[in-house]
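> Any chance you can model this:
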Amino acid sequence: MTRSPVSRFLFSSLRRLLYVWVRSETINQPAFSLKLEPGKPVVYVLQRESVSDLAVVDHECSLAGLPRPVQPVQVGASQEPKAYFYLSPEADWLGRQEMPGSSPTLVRLLAAVEQDLQCDVQIVPVSVFWGQTPDRETSPWKLLFADNWAVTGRLRKLLNILLFGRMTRVQFSDPVQLRALVEQSKAHERTLRMVQRVLRVHFRNLKTAVIGPDLSHRRTLVKGLIDEPQVRQAIESAVSTEGISTEKAEQQALRYANEIASDYRYATIRFLETLLSWFWNKLYEGIKVSHIEQVQESAQGHEVIYVPCHRSHIDYLLLSYLLFRNGLTPPHIAAGINLNMPVIGGLLRRGGAFFMRRTFKGNPLYTAVFNQYLHTLFSRGFPVEYFVEGGRSRTGRMLQPKTGMLAMTLSSYLRNARMPIVFIPVYIGYERVLEGRTYLGELRGASKKKESIFDIFKVISALKQRFGSVAVNFGEPIYLTPFLDQQYPDWRSQQGAPKYRPDWLPAVTSQLGERIGRHLNDAAAINPVNLVALALLSTSRLALDQKSLVQVLDLLLTLQRQVPYSPHATLPEGNGQTLIDYVVSMDLLAVQSDALGKILYLNEQNAVLMTYYRNNILHIFALPALLASFFQNNDRLEREEIQQYAKAVYPYLQSELFIRWPVEELAPVIDQWLQAFVEQGLLHQQGSVFVQPAPSSQQYVMLTLLSRAVLQTLQRFYMASALLLNGGQNHLNAEELEGLCSVMAQRLSILHGLNAPEFFDKSLFRHFIQSLIEQKVLLPDADGKLGYHEKLGTLVEGAAMRLLSAEIRLSIRQVATAPQADAE
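Presented below is the predicted three-dimensional model:
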């Protein structure tokens, strides 16, 4: 069997004619990196019959140096006239489609492999998407004709080519080895059906990942929520408890559903992408994306839940934009009801946002409707995005997770675990955050400002500033099923049970939140701004001469290259001088020149703001800073002493900063850091003893600056302990201790000139006190008063003597006794 010269001529002419207009590119899986085995014949499969799709695939194969689909291919003893087949026949001009049969080419390939034990065929699925190159879209009305789930007839395909021919993308998938399926020893017909089923599932999953699940009409979805058992039960409860009619309760539930539900429209997604392409190009000098390939692998066959850190209102816009540009479906996004403003709210809703109230307390009907809506999204395979921190971080730190959405997710999974769930942590790192001025006021104590539609004009005015680049790092995925197997092996016994909130759910949800927080911080992006902030905020006068600052920055970069924090974290390019020049150009670093050179410093406004950027990466340098702290008051220490004291303090640092290593894995990491210190001259080693460098040396200055990165954190720990011990056994409850800690920190910041408002942040003290309770260092009595071990004072003072200077310890003890003295 051969293709006639006429057929070859016609196809070649069509391809040339098509590419007068069409422009295509390969996405996700570059064609040249396909996992093809040399020597085995390659046959391509397209989902539906389409000569134009075939011409595009043939063109991309020619560019990539792959076997062309229109060329003959030798399979066993016979030769196929073409190296492609279609899974389904072509639709007619109006989109009507015949019942799919079996491709004769596939039947012959299968027979050849069955008859010849040495024969195998690599079947490569290929998908062509018209209208999927977002960066070239210019006409929003064209979006109505872009690829979707409707069966495309010849007329619509012709319109697609005319409208979107210059924005076409091709995706090659890894090959299906036909021999592996044949060796399952099933009959010919069963094997044929199995091959077709495998290919159909592949194409469906891929299309879902690229353009999203098949969407039902919003009105149908909303009305369907009211008929779900959980919502019906809540309606009946509202009727009995509030004394209202069933009709009124149903209307209330329907209002809640309409308030919550998104109105996801693909045309709006495309329109927003066009608008945002302009915005990002105006705002940022580049968007650096890392590790997205693991998301592309996880998206197929999983319910994907994106859990980004939350630093700015534009986080969710940025993430949706990047996912769309990389061939992934933009998610449905949980947004606070405060964003449901006129105009903006409607646009966000059509872009996939669904709105939630800040509290569900006291409203079981609203809770039931929201839970059911979320369950519907999960069970239908819609990707979802929510922020585990709840709100935006005003300090630059990872906030303690709010577990409400996580608990709803786990409850939904217990109801129906048909589709496996994967959480994708996404770290978004800004060199200059858009809301920087607002955060500056809030860091200085101003109350949080309510969002307004007029904020958009402030955003436009902010475009005059230089914002640098932004990094989006995708962290290690967390697969829910293995996580539950690890944390609670008997969880499957809860599936299908009426009780979707088992007793173990809060504890496991809290552990999941901690895991997500650590994976988010694992993917941190270290950039020039936060490195300069870390260096200068560790000095007493927030200033260094240029040579010294270059040395400090080079040291920080070198240490991170020697002992990388995580495979998912990223480092900036260049050296210390390059970083300084960049931060100066962003007007975040002031320069004073004289005859002896340049002094680089932070002015008052930038000094406060830079604490935000330093906190982005504080967790990365917390452990080496802790180790450096041991040598501020000790000229030499045994390795075992360092390990002992580090492990005593580390759990509190880890809990506050979401540091990645469990305590039981800490010893080799400490050894790595100590060795790095020795190699850089920060410490000297004499057998198992580590010795500080000479106090007059440059290396000792470097060690001191590094230690100061966690100085304020250690001071807060000592403050809480001093106040607790001063108060006595079972004298203070957690809330009282937290309040005293905050007041004490404010006093110290005034006395010692600390320009860091977060130093007296109540939430940091609250979490430290909670950590002490979880570690059973503190034991609340029946009235909530805090008791402690009788040796706590000795242990705390012993650790403090090795970590804090005598001056700081004395100052904290004096301030700790002040409240009691004032009372007397």
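> need the next SSE after the helix or strand of the chain with the lowest mean pLDDT, C-terminal direction.
Across the helices and strands of the chain, mean pLDDT, DSSP states H and E gives its lowest value to helix 455-462, namely a mean of 54. Taking DSSP states H and E as the definition, the helix or strand that follows helix 455-462 towards the C-terminus is strand 470-474.
> What is that next one packed up against?
Contacts defined by 3 or more Cβ pairs under 8 Å, 6 or more residues apart in numbering; DSSP states H and E place strand 470-474 against strand 287-290, helix 315-325, strand 421-430. Yep, even glycine has a C-beta here, placed from its N, CA and C like the rest.
> export these to JSON lines and tack on distance to Arg716, mean pLDDT and mean neighbour count?
Shown next, in JSON lines, are the helices and strands packed on strand 470-474 (distance: least, Cβ to Cβ, whole Å; pLDDT from 0 to 100; neighbours: other Cβ atoms under 10 Å):
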{"stretch": "strand 287-290", "distance to Arg716": "33", "mean pLDDT": "93", "mean neighbour count": "16"}
{"stretch": "helix 315-325", "distance to Arg716": "28", "mean pLDDT": "88", "mean neighbour count": "22"}
{"stretch": "strand 421-430", "distance to Arg716": "25", "mean pLDDT": "96", "mean neighbour count": "24"}
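> nearest to Phe172, of those?
The closest of those to Phe172 is helix 315-325. By Cβ to Cβ, the value is 18.5 Å.
> May I have that closest one as CSV, with CA atoms only?
Output of helix 315-325 as CSV, limited to C-alpha atoms (Å, rounded to 0.1, in the frame of the first residue of the first chain):
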residue,chain,number,x,y,z
ASP,A,315,-0.9,36.9,43.2
TYR,A,316,-3.9,35.1,41.8
LEU,A,317,-3.9,37.1,38.5
LEU,A,318,-0.2,36.4,38.0
LEU,A,319,-0.6,32.7,38.7
SER,A,320,-3.6,32.3,36.4
TYR,A,321,-1.8,34.2,33.7
LEU,A,322,1.3,31.9,33.9
LEU,A,323,-0.7,28.7,34.0
PHE,A,324,-2.6,29.8,30.9
ARG,A,325,0.5,30.7,29.0
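> In whatever helix or strand comes next after that helix, which residues are buried?
Scanning forward in sequence from helix 315-325, with DSSP H and E defining helices and strands, the next element found is strand 332-336. With burial defined by 16 or more other Cβ atoms under 10 Å, the residues of strand 332-336 counted as buried are His332, Ile333, Ala334, Ala335.
> One more: stretch 406-426?
Burial within stretch 406-426, assessed by neighbour count using 16+ other Cβ under 10 Å, is assigned to 406-415, 417, 421-426.
> do stretch 395-407 as well
Using 16+ other Cβ under 10 Å, the residues of stretch 395-407 that count as buried are Thr395, Gly396, Arg397, Met398, Leu399, Gln400, Pro401, Thr403, Gly404, Met405, Leu406, Ala407.
> how close does the fourth one get to His619?
Summarising the geometry, the distance separating Met398 from His619, computed by Cβ to Cβ, to the nearest Å, is 7 Å.
> Quick check: the residue positioned nearest the centre of the chain vs Arg614, distance?
The geometric centre of the chain, computed from its C-alpha atoms, lies nearest to Val426 (Cα atoms, centre = their mean), at 1.2 Å. According to Cβ to Cβ, Val426 stands 21 Å off from Arg614.
> for Gly352, same thing?
Distance from Gly352 to Arg614, by Cβ to Cβ: 34 Å.
> The two: who's more crowded?
The residue with more neighbours, out of Gly352 and Arg614 and counting by other Cβ atoms under 10 Å, is Gly352; that gives 27 against 23.
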